[in-house]
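Asker: Here is a sequence with its predicted model. Questions after.
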Amino acid sequence: MTTRKAVVECEIHQEIGWIHLNRPERLNAVIPQLVEELYGSLDKLEREGVRAAILAGRGNAFCAGHDLRHEEKPANETEIRLNLQKIQDITRKIQRVPFPVIAAVHGYALGAGCEFALGCDLIIAAQDAEFGFPEVSVGLSVTGGISHILPIAIGLVRAKELLFSGERFGASQALHLGLINKVVDHKVLAEEADKWAKRLAELPQVALAKAKFALNRGAQCDLEAAFELEIEHALATVQTIESKQAAEGFRKKGSV
């Protein structure tokens, strides 16, 4: 039996998880195996209890979207639905893991690749990063929750403009639109992502996880539901050891 080559790498360094999409010869284009291994890597990092994670791509791109040249056997509607749900499960998993996930983007982040990036909690992009949603122009539809995430991030009218036109846009425009957090030189992208991850890893983890969940959930519910969720999280965090240590450290710092 031939063992298939892994197309996603997963490593842990000092409680920081690193996930690399690893199909550089195809610009890390998405195939079912990549989706399966990406989900499995996120699941592994959650089981291992990492405090932050970074998602990046090997070679010359982050992810160039679906691999339209990949040969698959004809699928019926049920199989197609299942494959699409698996892609959506990546966004669900990223939003549900208790640690922040940082996308470190260089080169192409198109279609599903752009969806993977925008599904992350924070995004750092190299100056050569190129984003876009070409789905409509090639007769396809967006999948990974982007119909919800994008309008919240930049507004409905701008979201329609990006999806309808399919035009690619660079890191500076993505920053201007509020889609990403920072633009850096490609040479220091990994270093900068690692720096952010380590800074996040130092924070009280229960409080950080609750903040992440509250923001993700708050964007999907009304104000009263957000109020109640905040109370639940406040009650859950106020008695944690990390919370007490952080408060004590703050008091000591203020007394100096």
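Answerer: Alright, I've got the coordinates.
Asker: drop to CA atoms for contacts and neighbour counts, all remaining ones
Answerer: Fine.
Asker: the helices in the stretch 101-250 of the chain, which residues?
Answerer: 112-118, 146-154, 156-165, 171-177, 189-201, 205-218, 223-237, 241-255 (DSSP state H, counting those that start in this stretch).
Asker: name the element residue 54 belongs to?
Answerer: strand 52-57 (DSSP states H and E).
Asker: Next, the angle from that strand to helix 189-201.
Answerer: Going by axes from the mean of the first three to the mean of the last three CA atoms, to 10 degrees, strand 52-57 is angled at 160 degrees with respect to helix 189-201.
Asker: Just give me how far strand 52-57 sits from the chain centre.
Answerer: Here strand 52-57 is found 8 Å from its chain centre; the criterion is CA atoms, centre = their mean, to the nearest Å.
Asker: again with stretch 115-126
Answerer: Per CA atoms, centre = their mean, the centroid offset for stretch 115-126 relative to its chain is 5 Å.
Asker: please renumber so the chain begins at 58
Answerer: Sure, I'll start counting at 58 from here, so that last one is stretch 172-183.
Asker: about what we covered before: let me know which of the helices of the stretch 158-307 of the chain is the nearest to residue 102.
Answerer: With respect to residue 102, and counting by CA to CA, the nearest of the helices of the stretch 158-307 of the chain is helix 246-258 at 13.6 Å.
Asker: for the closest one, packing partners?
Answerer: Applying 3 or more CA pairs under 8 Å, 6 or more residues apart in numbering; DSSP states H and E, one finds that helix 246-258 contacts strand 73-78, strand 109-114, strand 158-162, strand 179-183.
Asker: Save those as JSON lines, and put in distance to residue 273 and mean pLDDT too.
Answerer: JSON lines is the format used below for those (distance: least, CA to CA, whole Å; pLDDT from 0 to 100):
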{"stretch": "strand 73-78", "distance to residue 273": "21", "mean pLDDT": "98"}
{"stretch": "strand 109-114", "distance to residue 273": "17", "mean pLDDT": "98"}
{"stretch": "strand 158-162", "distance to residue 273": "13", "mean pLDDT": "98"}
{"stretch": "strand 179-183", "distance to residue 273": "12", "mean pLDDT": "98"}
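Asker: looking at the chain, which helix or strand is least sure?
Answerer: helix 298-312 (a mean of 57; mean pLDDT, DSSP states H and E).
Asker: so how far is residue 88 from residue 274?
Answerer: Residue 274 sits 29 Å away from residue 88, going by CA to CA, to the nearest Å.
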